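J.: Sequence plus predicted model, see below.
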Amino acid sequence: MSNLYWLNEDQMARLRPYFPTSHGVPRVVDRRVLSGIIFINRNGLRWCDAPREYGPHKTLYNRWKRWSNMGVFARIMTGLAAEAADNKTISIDATYLKAHRTASSLRFKKGGRGRLIGRTKGGMNTKLHAVTDTIGRPIRFFMTAGQVSDYTRARALVNGLPPADWLLGDRGYDADWFREALVGKGITRCIPGRKSRDKTVKYDKRRYKRRNRIEVMFGRLKDWRRIATRYDRSLKVFLSAIALASTVLFWL
């Protein structure tokens, strides 16, 4: 039992304000169920392989599925991030997440075309776009199919960017419209220019080195096996796994 993951009481106290209200029959012990959900996602196990200390695996799965569809885990992450984020210097980047065959089946049923899984040179992938705060903690996520370019989908993140002094991004975000959008929001951009540009784009090279913090964040997220490999067909469920991992790793 010592090898199992358990949320402590201080962590539960921070999470409880975001739990949905229980109606009718009281919920099974939240701490035990949520600890089991975290254990499964971190270790990439099937739900039926959940250790018995966490209770019936059907209880874990049903809570996970229901709360994911309700957006509970996403609200927890954004809520905790809003309380403590340091947004003086934010970073933006994207990474590929390999889709397992159980998620990337080409038989589209019941809205399957909304899975956001695309074919790339590396196979079937989902691309995770993220914005992090000054010290590299995630504050925004957005997903696209793997073949979508970084700056194209940056449009979806621009309006949701928090007030900040600086934004760090790699050459994948070098687009005139993106630079102008940042100026309009009062954010100084630190983005190197593409090699195809006629004129060299000046940027703060010393400050740009801090962008490695978002790379470290992606690396820590991928330590969770159900994130490094996408098993879930449902986009909401997979995004919930990312939000849950971010909450545990960075905000609790």
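T.: Received it, and whenever you're ready, just let me know what you need.
J.: could you pull out the helices for the stretch 1-150 of the chain?
T.: 9-15, 30-43, 57-70, 72-84, 150-153 (DSSP state H, counting those that start in this stretch).
J.: Low-confidence regions, the stretch 51-200 of the chain specifically.
T.: 104-114, 146-154, 156 (pLDDT under 70).
J.: any residues touching stretch 17-24, and which ones?
T.: 30, 67, 70, 72, 75-76, 79 (CB atoms under 8 Å, 6 or more residues apart in numbering). For the C-beta atoms, the positions are set from N, CA and C on the backbone; glycine is no exception.
J.: same deal with stretch 158-168?
T.: 85, 87-92, 131, 139-140, 178, 181-182, 185-191, 207-208, 210-211, 214.
J.: From start to finish, how long is it in a straight line?
T.: By CA to CA, to the nearest Å, the extent of stretch 158-168 from end to end equals 13 Å.
J.: can you pull the buried residues of it?
T.: 158, 161, 164, 166-168 (16 or more other CB atoms under 10 Å).
J.: Give me the subset of these lying in helices.
T.: Val158 (DSSP state H).
J.: Among the buried residues of stretch 158-168, name the ones in strands.
T.: 166-168 (DSSP state E).
J.: and the buried residues of stretch 158-168 as TSV, adding distance to Arg101?
T.: Below are those laid out as TSV (distance: CB to CB, whole Å):
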residue	distance to Arg101
Val158	35
Leu161	36
Ala164	40
Trp166	41
Leu167	37
Leu168	36
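J.: still on that earlier bit, which of the contacts of stretch 17-24 are buried, as a ChimeraX select command?
T.: A single ChimeraX command selects the buried members of these (16+ other CB under 10 Å):
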select :67,72,76
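J.: Break this protein into its domains for me.
T.: The record's domain parsing of the chain by automatic domain parsing lists 9-70, 86-234.
J.: right, so of these, which gets closest to Ala243?
T.: domain 86-234 (7.1 Å; CB to CB).
J.: how about the helices in the stretch 151-252 of the chain?
T.: For the stretch 151-252 of the chain, applying DSSP H, counting those that start in this stretch gives helices covering 155-158, 176-184, 205-208, 212-221, 225-228, 235-246.
J.: and among those helices, the most buried is which?
T.: helix 235-246 (a mean of 23; mean count of other CB atoms under 10 Å).
J.: from the middle of its chain, how far away would that one be?
T.: 6 Å (CA atoms, centre = their mean, to the nearest Å).
J.: Make CSV out of the domains of the chain and add distance to Leu249.
T.: Formatted as CSV, those follow (distance: least, CB to CB, whole Å):
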stretch, distance to Leu249
domain 9-70, 10
domain 86-234, 6
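J.: end to end, how far does stretch 216-233 reach?
T.: Stretch 216-233: ends 26 Å apart by CA to CA.
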